[in-house]
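Asks: missing the sequence, but the structure's below:
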């Protein structure tokens, strides 16, 4: 019986022969392709056919890389969003500060323009805060006696009169606004020169003109300026604008409500008038007229001492002054006068 190995174990040519044959075939194909470029079309066809298989083989790798890139991109995006939010807040804060500084610069420019038109020396000051008492209208400035602030100095801004310095500390000062109930300022209507006195109305933030005749020539929209009659506020400073006129025919006086022109609720800087215009001195007061209380008290008349006028009358008419004969107490002619007690 003839024994033959199974087909799987059959051996053809030796391995060395096969390697040598295939090596020569490869070298021949490389030389032919390099010289004649015959296999380029074959390579393109093979690449086209094998491309789907190549992409299918790369899908697991691309999937893993995509998952890693997704998670890394999500974390990086979150970090970037967080940084952008922080940067946005910082930029918003800087923008608000820039807007505030722009408004303050505009108001300071207006104050500088107002300083040029005021004929007295001024001092720039900043409002620190409102006074503690809510029932009054007062503010605190950052200028005190060390900077030249003094009691009674007027305070203005670019729009009008703000108030008056009422308390002074070494480094700060307190200003009472015109709208305070204890403040009054002499004013006059710019249109016709009518003079009056404006009083503060407290928390309402307005002024009113008291004791105004019902038929006074005051209209809504009239501008009130300082008259300068008090010697504190220079004449010609804007004070308020008339917002309401109540003419009561039955009453003796009418009511006039005014809105202050100073922007104390909107601005942070004001001007303190450190000097006042030179005014002539007031004339001396006249001495008071004599009254009954100022009359000198007359001394009592002693016996034997007569006033000058009475003695003169007695010398002119002695007969009239002498007592008649026969009356009680009449002395005889030539008789000595009775002695008086010492």
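Replies: Cool, the structure landed. A quick note: this is a predicted structure, and the numbers were derived from the prediction, not measured.

Asks: low-confidence stretches in the stretch 101-250 of the chain?
Replies: 117, 119, 247-250 (pLDDT under 70).

Asks: for the protein, just list every one of the helices.
Replies: 15-36, 40-117, 308-316, 318-321 (DSSP state H).

Asks: could you dump those helices to JSON lines with distance to residue 255 and mean neighbour count?
Replies: (Each C-beta comes from the backbone N, C-alpha and C, glycine too.) As requested, these are arranged in JSON lines below (distance: least, Cβ to Cβ, whole Å; neighbours: other Cβ atoms under 10 Å):
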{"stretch": "helix 15-36", "distance to residue 255": "114", "mean neighbour count": "10"}
{"stretch": "helix 40-117", "distance to residue 255": "31", "mean neighbour count": "11"}
{"stretch": "helix 308-316", "distance to residue 255": "63", "mean neighbour count": "10"}
{"stretch": "helix 318-321", "distance to residue 255": "74", "mean neighbour count": "8"}
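
Asks: which one, of these, ends up nearest to residue 138?
Replies: Smallest distance to residue 138 across the helices of the chain (Cβ to Cβ): 20.9 Å, for helix 40-117.

Asks: count the residues that sit near residue 152.
Replies: By the criterion of other Cβ atoms under 10 Å, residue 152 has 11 neighbours.

Asks: now the helices of the chain as CSV including distance to residue 142?
Replies: Output for the helices of the chain, formatted as CSV (distance: least, Cβ to Cβ, whole Å):
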stretch, distance to residue 142
helix 15-36, 93
helix 40-117, 14
helix 308-316, 75
helix 318-321, 88
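
Asks: out of those, which is closest to residue 260?
Replies: helix 40-117 (15.7 Å).

Asks: tilt between that closest one and helix 15-36?
Replies: For helix 40-117 against helix 15-36, the angle by axes from the mean of the first three to the mean of the last three Cα atoms, to 10 degrees is 60 degrees.

Asks: thought residue 155 was touching residue 163?
Replies: Yes. Look at residue 155 against residue 163 with Cβ atoms under 8 Å: they come within range, at 5.2 Å.

Asks: neighbour count: these two, which is higher?
Replies: Taking neighbours as other Cβ under 10 Å, residue 155 and residue 163 compare with residue 155 leading, 28 against 25.

Asks: for the more buried one, which non-adjacent residue is closest in space?
Replies: residue 162 (4.4 Å; Cβ to Cβ, 6 or more residues apart in numbering).

Asks: ok, now which ones touch that neighbour?
Replies: Listed by Cβ atoms under 8 Å, 6 or more residues apart in numbering, the contact partners of residue 162 are 155-156, 175, 177-178, 262, 264, 270.

Asks: joint contacts of residue 155 and residue 163?
Replies: Common contacts of residue 155 and residue 163, defined by Cβ under 8 Å, 6+ apart, comprise residue 175.

Asks: next, count neighbours for residue 274.
Replies: 16.

Asks: so it touches residue 123, yeah?
Replies: Yes. Contact criterion Cβ under 8 Å: residue 274 and residue 123 qualify, at 5.2 Å.

Asks: rewinding a little: from residue 260, how far out is the residue nearest to residue 155?
Replies: From residue 162 across to residue 260, the span is 8 Å (Cβ to Cβ, to the nearest Å).

Asks: show the contacting residues for residue 149.
Replies: Contacts of residue 149 (Cβ under 8 Å, 6+ apart): 123, 125, 141, 143, 165, 168, 173, 272, 274.

Asks: my understanding was that the second one contacts residue 269; is that so?
Replies: Yes. Taking contact to mean Cβ under 8 Å, the distance of 7.0 Å between residue 125 and residue 269 places them in contact.

Asks: more neighbours: those two, which one.
Replies: Taking other Cβ under 10 Å, residue 125 and residue 269 do not tie; residue 125 has more neighbours (22 against 17).

Asks: check contacts around the more buried one.
Replies: Listed by Cβ under 8 Å, 6+ apart, the contact set of residue 125 reads 141-143, 149, 155, 173, 269-272.

Asks: again with residue 220
Replies: Counted by Cβ under 8 Å, 6+ apart, residue 220 has contacts 242-245.

Asks: could you turn the buried ones of those into a PyMOL selection?
Replies: This is how PyMOL selects the buried members of these, with burial counted by 16 or more other Cβ atoms under 10 Å:
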select buried, resi 242+245
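
Asks: any chance of CSV for the contacts of residue 220, columns distance to residue 72?
Replies: Listed next are those as CSV, based on distance: Cβ to Cβ, whole Å:
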residue, distance to residue 72
242, 72
243, 67
244, 71
245, 76
